[in-house]
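**Q** Kindly generate the corresponding structure for this input.
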Amino acid sequence: MVLTRKQFAYLNEMGISLWQRKNIAETKQVTEPTALNNTAVVSLAELSNHRVFRDVLLAIGSELSDIEQQGERLILGDISWRFSDDQQLSFNNGELTTPKLDDLSTNADAKQALWQLIVQHQLVTP
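**A** Got it, this is the predicted structure:
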């Protein structure tokens, strides 16, 4: 079950502790980089080293500790973020699709398009 940050805050305020059991086999499977349907699976440790990634997290009001990784997607509250092997950049039905961060960080036009997309869909938190 995925909770939004708002739901998590409400539950914490009511004194309800949340625990999630993690399977070691699933954790290993998630951290191994692979590609599925032009979607790149990356590890959070690698992503946290990218300036663009940290800047996007800051803009949408999320922190590294808020992220849940589900296969090729990162869950950031109400937003799902996936990295595409092609140069696809879109936001549809709560899913942000971008090129891999290595490609984004070296392509000024792609970075500009990403920020325009973030602003256009009002993903920026005040």
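
**Q** What residues of the helix or strand harbouring residue 119 count as buried?
**A** Per DSSP states H and E: residue 119 is located in helix 108-120. Under the neighbour-count criterion of 16 or more other C-beta atoms under 10 Å, helix 108-120 has 110, 111, 113, 114, 117, 118 buried. Yep, even glycine has a C-beta here, placed from its N, CA and C like the rest.

**Q** before we move on, what about stretch 82-100?
**A** Here stretch 82-100 shows 82, 83, 84, 89, 91, 96, 97, 98, 99, 100 as buried, counting by 16+ other C-beta under 10 Å.

**Q** which of those residues sit farthest apart?
**A** The largest distance within the buried residues of stretch 82-100, taken as C-beta to C-beta, falls between 91 and 100 and amounts to 16.9 Å.

**Q** In the chain, what helix or strand scores lowest on average pLDDT?
**A** strand 35-36 (a mean of 41; mean pLDDT, DSSP states H and E).

**Q** picking up where we left off before, so which of the buried residues of stretch 82-100 sit within strands?
**A** Among the buried residues of stretch 82-100, the ones falling in strands (DSSP state E) are 82, 83, 84, 91, 96, 97, 98, 99.

**Q** Before I go, just wanted to say thanks for your time.
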